[in-house]
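Visitor: compute the structure for the input listed below.
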Amino acid sequence: MKNQENLSPPPPPSSRERRFPWGLLLVVVFVSWFVWNSLVPSLPEPNKAPKLYSNQCQQDIRSTLLSAIQAADHSIYLVMFGLSDRAILSALSKKIREQVPTKIFYDRSGSLNLSRYLRGGDIYPIKNVGLMHQKILILDHQTVFIGSANMTTASLRMHDNLMIGFVSKPIAQFLQEHEPYTSGYFKSAVGGQEVELWLLPDPRGHALSELRKKIRTARKSIQIALFTFTHPALVEEVIAAHQRGVHVSVIVDLHSGLGASAKAVEKLKEAHVPVLLSQGVQLLHHKFIYIDESTLLTGSANWTKSAFYKNSDCIIALHRLNPDQKKFMSRLWTSIEANASEK
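Guide: The predicted structure follows:
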């Protein structure tokens with residue numbers, strides 16, 4: 001006779017065993033959302049406020065730019081210091097073959113010889129006393145991307161950058177009418193948000209004067225992230241803001257902070273302004289100041305005399321940031337600060 005114990009049915013599952021793995025489901029949903037948000041580009045839309053982009057906020061700037069270029073039907077206008085990423089070059093080459101009018105200005109010292117890769121386009125290599133340092137992409141005479149990122153693989157994939165994208169025919173027209181090394185100022189509204197632009201070099205000093213004025217308007221907080229910070233007038237403005245009670249935080253790229261920006265960093269520290277240096281092998285390539293959690297100025301210009309008086313650069317200001325933009329800047333600053341230290 002067989003053992004009755006072996007013939008008895010298995011015990012019913014416990015309540016713990018029957019419980020649905022909600023925790024695992026939430027993890028899967030979050031990871032799926034995270035991957036989707038990182039890989040699927042969100043492009044600027046007409047009649048909407050500017051979008052902010054940074055790899056530090058789990059956005060793939062390279063994929064965003066590729067998608068935007070691939071969607072262009074009527075024109076491509078590009079002003080770029082560094083242009084060497086193979087995927088970007090391939091996308092541009094394809095558009096040229098499709099006979100989409102393409103005009104590109106680039107700095108010879110920062111890019112490949114583009115005539116070899118982009119045959120058939122209007123390609124203008126530039127070599128001047130100052131750097132052709134702008135980073136501007138305009139598509140179909142209306143979609144604009146401006147920021148600190150070069151179109152190199154390292155800049156798009158590894159280094160810390162901030163880019164702004166929006167749809168504005170007036171701003172696109174202004175930028176296309178002012179080729180590199182042409183000074184200019186323009187003010188417009190994008191999706192109801194006030195936007196200002198300064199094109200450098202600016203021998204008369206209007207852009208520098210406006211930046212100094214905006215620092216003086218700060219009442220509560222100033223957050224600054226810079227690759228290079230050497231301009232003595234701007235060092236003094238930041239110290240003055242700190243001394244009148246504004247909460248000032250400055251983060252500078254590690255390599256620059258120990259090199260070209262070392263004197264400025266030391267002077268700020270002597271005035272008891274909180275200064276941190278980025279950590280890691282990547283460059284902190286930002287060029288922004290965020291004032292009172294309301295006004296953001298960024299672009300391609302480092303805070304140096306060369307940027308304002310010699311280089312072809314650009315500064316863009318967004319005023320009265322909306323809740324989504326403020327949330328983005330909070331996340332970005334948290335990420336930058338978490339990867340910085342006093343040494």
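Visitor: pLDDT of stretch 246-260, averaged?
Guide: Taken as a whole, stretch 246-260 has an average pLDDT of 97.
Visitor: cool, stretch 47-61 as well?
Guide: 96.
Visitor: ok, now stretch 284-301?
Guide: The average pLDDT within stretch 284-301 is 98.
Visitor: show me what counts as buried in it.
Guide: Neighbour counts over stretch 284-301 (16 or more other C-beta atoms under 10 Å) mark 284-291, 294-301 as buried. Just so you know, the C-beta spots here come from the backbone N, C-alpha and C atoms, and that holds for glycine as well.
Visitor: swap in stretch 56-72?
Guide: Applying 16+ other C-beta under 10 Å to stretch 56-72 flags 56, 57, 59, 60, 61, 62, 64, 65, 66, 68, 69, 72 as buried.
Visitor: just how off-centre is that stretch within its chain?
Guide: 12 Å (C-alpha atoms, centre = their mean, to the nearest Å).
Visitor: now do that stretch: everything it contacts.
Guide: Stretch 56-72 is contacted by residues 34, 37-39, 41-43, 53-55, 76, 85, 87-88, 91-92, 94-95, 100, 137, 139-140, 143, 145, 149, 151, 153, 156-157, 160-161, 163, 165, 328, 331-332, 335-336 when judged by C-beta atoms under 8 Å, 6 or more residues apart in numbering.
Visitor: how about the helices in the stretch 1-150 of the chain?
Guide: Assigned by DSSP state H, counting those that start in this stretch, the stretch 1-150 of the chain shows helices spanning 4-7, 15-18, 22-39, 61-71, 86-97.
Visitor: of the contacts of stretch 56-72, just the buried ones, PyMOL syntax please.
Guide: The PyMOL selection below is limited to those of those classed as buried (16+ other C-beta under 10 Å):
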select buried, resi 41+53+54+55+76+85+88+91+92+95+100+137+139+140+143+145+149+151+156+160+161+163+165+328+332+335+336
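Visitor: apart from its neighbours in sequence, what residue is nearest residue 125?
Guide: Spatial nearest neighbour of residue 125, chain neighbours left out: residue 108 (4.8 Å); criterion: C-beta to C-beta, 6 or more residues apart in numbering.
Visitor: residue 226 versus the one you found, what's the distance?
Guide: 25 Å (C-beta to C-beta, to the nearest Å).
Visitor: need the phi and psi values for the spatially most central residue of the chain.
Guide: Geometric centre of the chain, nearest residue: residue 162, 1.2 Å, by C-alpha atoms, centre = their mean. When quoted as degrees, to the nearest 10, the phi and psi of residue 162 stand at phi -130, psi 130.
Visitor: same thing with the one 3 residues further on?
Guide: Residue 165 has phi and psi values of phi -130, psi 140 when expressed as degrees, to the nearest 10.
Visitor: can you check residue 59 too?
Guide: The phi and psi values for residue 59, taken as degrees, to the nearest 10, are phi -120, psi 140.
Visitor: what separation do you get for it and residue 255?
Guide: Distance, residue 59 to residue 255, using C-beta to C-beta: 24 Å.
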